[in-house]
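sharing a sequence plus its predicted fold:
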Amino acid sequence: MNKYKIIALFGEAGAGKDYIQKKIMKTQFGKDNLHEVISCTTRPPREGEIDGVHYHFMSNQSKFFSISLIECSCFRGWWYGTSTDYLSKEKINIGVFNINGIEQLLSNPKIECVPVYIKATSKTRLLRQLNREANPDCDEIIRRYLTDEKDFLDLHRKKFSYFVIENNTNEFFPIQESLFDLIENYKWS
């Protein structure tokens, strides 16, 4: 069976997952070998978000659940998930997922998933989140931080293995090289 190959980036808020995904897709290696996973959601677009670029926006739950989902979860009343309709079998897919989503991917016989934990110190993550916007929602940053502390507390007890890439500086080159190395040397089935 020809499986979908997925590099699943995950980590706490502010670790740099989305930044790494977007940056890697701008490299020649990314353009030639990778396909960017764009998730689906039932939530409406936020200001500046573009359908098919930031998310595939679904107008309602029945539309969302009518597509071929390989993982999904509900967050604050909105559904988020990944559909095979937006994956590539010709290239390695790369996307950002939560821990629950990775567990779903790993249990799917149509998927070959390589989890990559993007890790950064608490201070680094907090500073990145505070510096993203001119007027950050500090209450939301604290909520996400505390949620991540709880969600990632038992990561070492999860029944899946993962690769770790440290992202505590603003230097992209070492991260890029680590990802290229992983992708090129991983024994895909």
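That came through, no problem.

which residues in the protein form helices?
17-25, 28-33, 61-64, 99-106, 122-131, 138-153, 173-185 (DSSP state H).

out of these, which is closest to Pro115?
helix 99-106 (5.1 Å; CB to CB). Placement of C-beta: from N, CA and C, glycine included.

hang on, the earlier thing: mean neighbour count and mean pLDDT added to the helices of the chain, as JSON lines?
Output for these, formatted as JSON lines (neighbours: other CB atoms under 10 Å; pLDDT from 0 to 100):
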{"stretch": "helix 17-25", "mean neighbour count": "18", "mean pLDDT": "94"}
{"stretch": "helix 28-33", "mean neighbour count": "13", "mean pLDDT": "95"}
{"stretch": "helix 61-64", "mean neighbour count": "14", "mean pLDDT": "92"}
{"stretch": "helix 99-106", "mean neighbour count": "20", "mean pLDDT": "94"}
{"stretch": "helix 122-131", "mean neighbour count": "15", "mean pLDDT": "93"}
{"stretch": "helix 138-153", "mean neighbour count": "13", "mean pLDDT": "90"}
{"stretch": "helix 173-185", "mean neighbour count": "14", "mean pLDDT": "92"}
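
may I see those helices organised as JSON lines, with distance to Arg46 added?
Shown next, in JSON lines, are the helices of the chain (distance: least, CB to CB, whole Å):
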{"stretch": "helix 17-25", "distance to Arg46": "14"}
{"stretch": "helix 28-33", "distance to Arg46": "25"}
{"stretch": "helix 61-64", "distance to Arg46": "18"}
{"stretch": "helix 99-106", "distance to Arg46": "21"}
{"stretch": "helix 122-131", "distance to Arg46": "16"}
{"stretch": "helix 138-153", "distance to Arg46": "13"}
{"stretch": "helix 173-185", "distance to Arg46": "27"}
